[in-house]
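# One predicted model, sequence on top.
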Amino acid sequence: MAIKSLVINKIKWDRIWIYLYPDSYSEDTSLSIVSMNGETSFELKKCNEEKAYKLNISNPGDCRMLPVGVYKFTDNNGLDALLSDKITARYLNRRFPYFHSEREYRVQFSDKNGFKVKVTDIEIKQTVIQKTKSDLRCFKNDSAKKVLRGIYESEFRLHHRKGDVDVHKLKNPRILLMSDQSEEMGSNMVALKRKLLAKGYKPEEALRAITTKHYSLKHWIKTLRKIAWADFIFLDDHSQTTDWLKIKGTIITQLWHAGAGFKSTGYSRFGMPASPAPESGHRQYNYGIAGSLKIRHFFSEVWGINDEMVLPTGMPRLDEFLDPDYKEMTINKILSAHPELCKPLSGGKTLTKKDNIILFAPTYRGENKKNAYYPYDRLDMNRLYKLCKETDSVIIFKMHPFVTYPVPIPKQFRDRMIDMTSYPNINDLFYITDLLITDYSSDIYEFSLMRKPMLFYSFDIDDYSKSRGFHRDYRTNVPGKIVESFDAMIEAIQKKDFEYDKVEKYIENNFDNVDTNACQRIIDWIILGKPHP
């Protein structure tokens with residue numbers, strides 16, 4: 001009688017992850033997904049706490065989607081996994097639309113003639129492309145992209161280093177700081193640039209906002225020349241250029257601003273609106289950065305790369321944020337510009353902030369920068385002002401940069417309610433903040449180091465979870481109290497009920513280093529090729 005292998009009693013989906021629960025689980029037993037022709041094989045990750053095996057369809061291990069084909073699951077004894085008769089295979093099927101639902105990646109399960117998984121990637125409707133005059137902004141002009149690729153290839157042959165060169169040993173490596181999201185640098189990139197200049201490097205810049213602005217062919221040629229020339233490219237967010245341009249001979253690093261937020265993005269929400277395509281620019285990263293080893297798997301999931309490619313350097317902007325001289329200078333600058341945040345001048349005429357300053361800093365709603373908004377109807381300005389009077393507080397509003405509609409503060413309330421959305425660096429405001437109110441934002445990352453209370457006004461948590469998704473459990477990981485109604489938020493503030501004890505646990509999980517050396521670690525690890533121990 002043949003020896004039976006693992007019997008799968010339960011299968012569940014968690015976004016891009018397939019979890020398989022066997023009838024008996026052992027840490028000594030491994031499980032792989034193997035193509036029927038035997039040419040492709042990936043070992044599943046073990047999830048010991050759940051006694052399960054898990055597979056990421058957006059990156060099973062080689063930084064690409066699980067390839068099209070038919071697969072079976074096989075254990076390390078060479079025996080095929082079986083599907084329990086408790087499971088109806090067809091109910092496990094999933095469809096992941098992308099390219100504005102023009103294509104679809106499908107995962108289909110079958111229990112006929114053995115337990116199998118079929119992966120397909122098909123066109124589900126004809127793409128309609130409007131002809132425009134060299135519309136390089138929307139990237140739907142294939143002929144324009146073909147021309148630009150040709151220009152890049154020519155520039156690469158002209159400007160890139162010839163031969164087998166170890167860029168880590170170069171005294172003057174060519175460094176490009178690049179953004180497709182904004183013509184101004186993000187805080188991580190600003191911090192890194194400052195450190196690079198102090199170390200004698202001479203970084204070039206290529207900063208554009210191609211999702212909202214049109215750039216000339218001359219501008220594109222200039223940018224492509226810089227890309228072709230670079231030994232190292234540092235990005236500060238998703239780059240649409242890298243979605244269609246294959247960059248060669250360059251080490252690409254993602255300096256994404258999110259320290260440790262919750263909202264799902266990139267490949268962690270594959271198949272949802274505004275998710276990347278299977279072959280996006282994220283796949284070109286050699287490295288990304290994170291705050292600690294414990295959380296780097298969240299970042300690798302977002303970018304569709306492997307865990308070891310995410311380096312726990314810490315966020316570059318922390319170097320400035322934790323500098324005591326910068327802190328003192330910044331507090332004085334803010335208080336000088338905003339007397340409504342200050343106590344009456346003392347005898348020595350020293351500016352002192354008020355005791356109860358609340359910072360309201362939520363993330364945006366909507367798919368992206370073009371349609372971002374915040375539902376201000378969820379705020380009762382009259383009641384907020386009354387609360388400020390009762391508690392002798394001031395509320396600063398700092399909306400996400402994507403939200404362009406101003407906060408509707410009545411004129412008569414502006415002595416205690418201030419819209420500082422235009423202030424360039426939210427981290428500066430943390431120095432004077434006594435309570436942060438946010439929702440799903442990564443603001444909590446730096447603010448946690450202030451060791452001050454936080455409140456999470458998550459009135460739409462269920463809808464947000466379904467439409468946007470979280471890449472880690474929100475309710476059990478936030479460093480503060482969750483309130484799901486305006487009344488509950490007011491009550492928590494009045495009672496000072498913030499569940500403050502969660503802050504230290506958050507810091508422990510999300511930071512390997514709390515210092516001013518993140519930029520130096522990036523230079524050492526990535527540019528010099530000398531990882532820290």
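Good, I have the coordinates.
# ok, residues contacting the helix or strand of the chain with the lowest mean pLDDT?
None of the helices or strands of the chain scores lower by mean pLDDT, DSSP states H and E than helix 461-467, at a mean of 78. The set of residues that contact helix 461-467 without belonging to it, under C-beta atoms under 8 Å, 6 or more residues apart in numbering, is 263, 272-273, 365, 439-440, 458, 474, 482, 484. All C-beta atoms are positioned from the backbone trio N, CA, C, and that covers glycine.
# Tell me the helix or strand right after it.
Next along the chain after helix 461-467, taking DSSP states H and E as the criterion, comes helix 474-477.
# Walk me through which strands the next helix or strand after that next one pairs with, and which way each runs.
Toward the C-terminal end, the helix or strand that comes next after helix 474-477 (DSSP H and E) is strand 481-483. The strands that strand 481-483 pairs with in its sheet are strand 454-457 (parallel) (by DSSP bridges).
# Most neighbours out of the contacts of helix 461-467, which is it?
With neighbours defined as other C-beta atoms under 10 Å, the most crowded of the contacts of helix 461-467 is residue 439; it has 26 neighbours.
# these two touch, right, that one and residue 361?
No - when contacts are counted by C-beta atoms under 8 Å, residue 439 is not listed as touching residue 361 (9.0 Å).
# got a list of what residue 97 touches?
103-105, 124, 271.
# Pretty sure it sits in a helix.
No - the assignment for residue 97 (DSSP: H, G, I helix; E, B strand; the rest coil) gives strand, which keeps it out of a helix.
# Outside of the helix or strand hosting residue 55 itself, list whatever touches it.
Element membership of residue 55, judged by DSSP H and E, is strand 52-56. Strand 52-56 is contacted from outside by 16-22, 25, 31, 33, 42, 44-47, 66, 301, using C-beta under 8 Å, 6+ apart.
# Each with direction, which strands does that strand pair with?
Each strand paired with strand 52-56, and its direction, by DSSP bridges: strand 17-22 (antiparallel), strand 45-47 (antiparallel).
# what about that strand, distance to the chain center?
Computed by C-alpha atoms, centre = their mean, to the nearest Å, the separation of strand 52-56 from the middle of its chain amounts to 22 Å.
# ok so, going back, so can I have JSON lines of the strands paired with strand 52-56 showing distance to residue 512?
Listed next are the strands paired with strand 52-56 as JSON lines, based on distance: least, C-beta to C-beta, whole Å:
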{"stretch": "strand 17-22", "distance to residue 512": "25"}
{"stretch": "strand 45-47", "distance to residue 512": "22"}
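# can you list those strands in TSV and add distance to residue 314, mean neighbour count and mean pLDDT?
Below are these laid out as TSV (distance: least, C-beta to C-beta, whole Å; neighbours: other C-beta atoms under 10 Å; pLDDT from 0 to 100):
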stretch	distance to residue 314	mean neighbour count	mean pLDDT
strand 17-22	27	20	96
strand 45-47	26	16	95
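# So what does residue 232 have for phi and psi?
With angles defined as degrees, to the nearest 10, residue 232 shows backbone torsions of phi -130, psi 130.
# Can you name the residues bridging to it?
Residues in a beta bridge with residue 232, per DSSP bridges, are residue 175, residue 251.
# you'd agree it is up against residue 529?
No - the pair residue 232 / residue 529 is not scored as a contact, 11.0 Å apart, by C-beta under 8 Å.
# May I see the buried residues of the longest helix along the chain?
Of all the elements of type helix in the chain, the one with the most residues (DSSP state H) is helix 142-159. Judged by neighbour count (16 or more other C-beta atoms under 10 Å), helix 142-159 contains these buried residues: 144-145, 148, 151-152, 155-156.
# how close does residue 478 sit to residue 400?
18 Å (C-beta to C-beta, to the nearest Å).
# low-scoring stretches of the stretch 401-533 of the chain, by residue?
Low-confidence segments of the stretch 401-533 of the chain (pLDDT under 70): 467-469, 471-472, 532-533.
# And for the stretch 151-300 of the chain?
Counting by pLDDT under 70, the stretch 151-300 of the chain contains low-confidence ranges at 259-263.
# Next: the stretch 1-150 of the chain.
By pLDDT under 70, the low-scoring segments of the stretch 1-150 of the chain are 1-5, 125-140.
# Now, the contacts of helix 461-467 that are in strands?
Here DSSP state E is the test, and the contacts of helix 461-467 give residue 482 as lying in strands.
# Can you tell me which of the contacts of helix 461-467 is nearest residue 91?
Nearest to residue 91 among the contacts of helix 461-467, counting by C-beta to C-beta, is residue 272 at 20.5 Å.
# how near is that closest one to residue 226?
With C-beta to C-beta as the criterion, residue 272 and residue 226 are 33 Å apart.
# Tell me the helix or strand right after the strand holding residue 55.
In the C-terminal direction from strand 52-56 (assignment by DSSP H and E), the next one is strand 69-75.
# Go through that following strand and flag the buried ones.
Residues 69, 71, 73-75 are the ones in strand 69-75 that count as buried (16+ other C-beta under 10 Å).
# from memory residue 106 sits against residue 124, does it?
No - under the criterion of C-beta under 8 Å, residue 106 makes no contact with residue 124, lying 9.7 Å away.
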